[in-house]
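Colleague: test case, fold it:
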Amino acid sequence: MASSTREFYFVVHFLHVLLVFGIVQSKDSFSEELFIKPLQGGHVYNHFQFTTTWETLLEENEFIHYRLFPKSLGEVLARYSVQELHLSLTQGVWHHARWGYPVIDAPTGAQLWVWFNRDTENIDQTWSELTNALSGLFCASLNFMDSKSALGSPAVSPRLTFRPSGAANEYYSRNSSYLRYAGMAGENVCTENLTPWKKLLPCDSKAGLATLFNAQKLYDASYHSLGVHFRPICMDSSCNSTQVELVQSLSLVFDPSVNNIGRQDWSLRNIYKSAVKNACPLADSSNIYVDLTYNKTLYHFTLKPEPSRFEQFRRGQVKHKFAIYDMKKRGKALNIVAKYNAPIVYKNIKAPQLHVHRFISGFGQESGGITCQLHNTHPTQNLTAVYLDVLPWYVRVYYHTLKVKVDGQDTKPLHSYYTPGRDRDRSYVLELVLNVPANATTTISFKIEKALLRWTEYPPDANKGFYISSAIISSVLSNAQQYTATPQFSSKIISSITDSSTKEFFLRIHTEPLLVTLPTPDFSMPYNVICLACTVIAIGFGSVHNLTTRHFEAIDPSDQKSILTKIKDRLFRLFKKKQSDNTSDDSQGESKKIR
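Modeller: Numbers count the residues shown, from 1 in each chain. Below is the predicted model:
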């Protein structure tokens, strides 16, 4: 018995050695990070980021021997020849004018854009199969991104907005035929999306920063966004060799005053009902960053316990200061507490350099318009921006009504690309290159016509309306004021600290989604007609049925008896019945005596 036990532990230890080192050692790494930033309006922004890198090729026969990289996702990426993938599932709207810029910006609902490999034969068919596979993997309605119905969102291939964020040659980056993009603003996000997402992590939610994932608290947030981002990246500055990078992100915005009876103090235990228990054993690094850039200017709070270290750095023209907690060195549970020295006095919030607002104009259910305002708050710096708007086929765009104005003065876009839609087949795509002057508001507007759908194409809640995905604005900033995104060469938040040489910062933001009411039939009329028709049929059929099935007998009115006669007859019958019962009892008694 003892020898068999020793053999068992020897086999387990041997398999562990093979798993960790392997016959050919697997060159992959995993890091987990949490970025906490108090926002100007009193909210607290938390961004979880889990980064896995793997030195392997994107070919299907090379995407094997998984260790830290999730196998379920890796097999899908290899099977459908994915070069680069970006998926987001978001609940709520990010308010750029009040909160600044997030680490990874995402629109409300679901968004997916994918670059396929150059050897992909039928990209449309591959896109259809990929969306169905991802739909099952993340328990989301991504399969509707291939549907051409009224509820679906067919994929498009924008020319300028999306470029590969990873390693790619120039010819491939400019050929948008390998790109597919789709968005679904009406997609609901809940725990059934969170569960498969966190199962892709090497430690799941059993250890590390993911132990904070309390679903009940996560979905109490004002903003919640899940992200999965896959791309190839360079291993060195010369980019002679590449590796793949997978980033899983979770962005949350909380209002601490809601649970603290008006107090601004916050802590991990207060927000998540738990502290960070430990670091993930498989992670090379496990850090928590608290942004102290505006501490003692806009607000004043102290942190407990003391951070492992402080980092001050300059990014662009802005100085930043981070408090860093190293969970690998700490070795025990951590509950970060921020105690404010005085109540916050809310003032006018300083908006970032570029923020946008999009809304529907007009009235009625037949026609209207869409307007988007781009605000450049910088006093001297002009911006060049790319505006992308993808509209479903049932919102027909009148391109000749397109107007671009700067503070009320007409102007023209630098370039424009327009793809007309086709009913039940293709979406409308409008892509503009604009000059956004400093300290001015650039307004884009155009007229639309709302189509009348077939009665079978309306959803059960037709009077609620139909969602239109957010518009996308891309630009390049020269300063990093309220800018928190990571540099392009690395997705790790720690790389922002060493990113002192970058002078330009790429920005991609999304507008609010729109809710459009289409011409809707009165669906109560079929119900009324059915009720009326059934009533008439019931009355007519009932009368005919009674006439044909009942047996009728003629009665002489002279034979009718009075009430007194009926009572006498009733009493007589009762007396007669009682007398017959007594006679039967006497006869039974005599028969017993004879026996």
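
Colleague: drop to CA atoms for contacts and neighbour counts, all remaining ones
Modeller: Noted.

Colleague: the most centrally placed residue in the chain and residue 292, how far apart?
Modeller: Nearest to the mean C-alpha position of the chain, by CA atoms, centre = their mean, lies residue 89 at 2.0 Å. With the distance defined as CA to CA, to the nearest Å, residue 89 ends up 29 Å from residue 292.

Colleague: repeat for residue 563
Modeller: 102 Å.

Colleague: now residue 220
Modeller: 25 Å.

Colleague: which non-adjacent residue is nearest residue 188?
Modeller: residue 109 (6.4 Å; CA to CA, 6 or more residues apart in numbering).

Colleague: so the one you found bridges to which residues?
Modeller: residue 90 (DSSP bridges).

Colleague: can you pull the contacts of residue 143?
Modeller: 128, 131-132, 135 (CA atoms under 8 Å, 6 or more residues apart in numbering).

Colleague: let's see that with 10 Å instead.
Modeller: Residues in contact with residue 143, defined by CA atoms under 10 Å, 6 or more residues apart in numbering, are 127-136, 152-153.

Colleague: can you give me the strands for the stretch 351-500 of the chain?
Modeller: Using DSSP state E, counting those that start in this stretch, the strands of the stretch 351-500 of the chain run over residues 354-361, 367-376, 383-391, 395-406, 409-411, 415-419, 428-436, 440-450, 466-468, 472-477.

Colleague: I'd like those strands as JSON lines, with mean neighbour count, mean pLDDT and distance to residue 537 appended.
Modeller: Output for those, formatted as JSON lines (neighbours: other CA atoms under 10 Å; pLDDT from 0 to 100; distance: least, CA to CA, whole Å):
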{"stretch": "strand 354-361", "mean neighbour count": "19", "mean pLDDT": "94", "distance to residue 537": "48"}
{"stretch": "strand 367-376", "mean neighbour count": "20", "mean pLDDT": "95", "distance to residue 537": "42"}
{"stretch": "strand 383-391", "mean neighbour count": "21", "mean pLDDT": "95", "distance to residue 537": "47"}
{"stretch": "strand 395-406", "mean neighbour count": "17", "mean pLDDT": "95", "distance to residue 537": "42"}
{"stretch": "strand 409-411", "mean neighbour count": "11", "mean pLDDT": "93", "distance to residue 537": "65"}
{"stretch": "strand 415-419", "mean neighbour count": "13", "mean pLDDT": "94", "distance to residue 537": "53"}
{"stretch": "strand 428-436", "mean neighbour count": "20", "mean pLDDT": "95", "distance to residue 537": "49"}
{"stretch": "strand 440-450", "mean neighbour count": "20", "mean pLDDT": "95", "distance to residue 537": "39"}
{"stretch": "strand 466-468", "mean neighbour count": "21", "mean pLDDT": "92", "distance to residue 537": "38"}
{"stretch": "strand 472-477", "mean neighbour count": "19", "mean pLDDT": "94", "distance to residue 537": "57"}
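
Colleague: the helix or strand where residue 288 lies pairs with which strands, parallel or anti?
Modeller: Using DSSP states H and E, the element containing residue 288 is strand 285-291. Next to strand 285-291 in the sheet, as set by DSSP bridges, lie strand 28-38 (parallel), strand 318-326 (antiparallel).

Colleague: what's near enough to touch the spatially closest residue to residue 331 that is not a sequence neighbour?
Modeller: Excluding the flanking residues, the one nearest residue 331 by CA to CA, 6+ apart is residue 278, at 6.4 Å. Residue 278 makes contacts with 206-211, 286, 327-328, 330-334, as judged by CA under 10 Å, 6+ apart.

Colleague: ditto for residue 370
Modeller: Counting by CA under 10 Å, 6+ apart, residue 370 touches 358-362, 397, 402, 444-448, 514.

Colleague: report the two of those separated the most.
Modeller: Largest separation among the contacts of residue 370 by CA to CA: 402 and 514, giving 18.4 Å.

Colleague: hang on, the earlier thing: return the strand holding residue 288 as CSV; C-alpha atoms alone will do.
Modeller: Below are the C-alpha coordinates for strand 285-291, written out as CSV (Å, rounded to 0.1, in the frame of the first residue of the first chain):
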residue,chain,number,x,y,z
SER,A,285,3.4,39.7,-11.8
SER,A,286,0.4,40.8,-9.8
ASN,A,287,0.1,44.5,-9.2
ILE,A,288,-2.5,47.0,-8.1
TYR,A,289,-2.1,50.7,-9.2
VAL,A,290,-3.9,53.6,-7.6
ASP,A,291,-3.8,56.8,-9.6
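
Colleague: who touches that strand?
Modeller: The contact list for strand 285-291 (CA under 10 Å, 6+ apart) reads 29-39, 45-48, 50, 208-209, 278-280, 303, 307-308, 310-311, 320-329, 336, 338, 493-494.

Colleague: which residues does the closest residue to residue 420 other than its chain neighbours form a beta bridge with?
Modeller: Leaving out its chain neighbours, the residue that sits closest to residue 420 by CA to CA, 6+ apart is residue 428, at 5.0 Å. Residue 428 has these beta-bridge partners by DSSP bridges: residue 391.

Colleague: contact partners for residue 428?
Modeller: 156, 389-397, 418-422.

Colleague: likewise residue 400?
Modeller: 446-447.

Colleague: go on, residue 564?
Modeller: residue 570.

Colleague: ok so it is a helix residue?
Modeller: Yes - Residue 564 forms part of a helix when assessed by DSSP: H, G, I helix; E, B strand; the rest coil.

Colleague: all numbers from here: first residue = 2
Modeller: Got it, first residue is 2 now, which makes that one residue 565.

Colleague: low-confidence stretches in the protein?
Modeller: 2-27, 59-64, 148-152, 347, 556-562, 582-596 (pLDDT under 70).

Colleague: can you pull out the helices in it?
Modeller: 3-21, 72-80, 97-100, 124-139, 171-175, 192-199, 216-219, 257-260, 269-273, 328-331, 525-550, 564-595 (DSSP state H).

Colleague: point out the most buried one among these.
Modeller: helix 97-100 (a mean of 20; mean count of other CA atoms under 10 Å).
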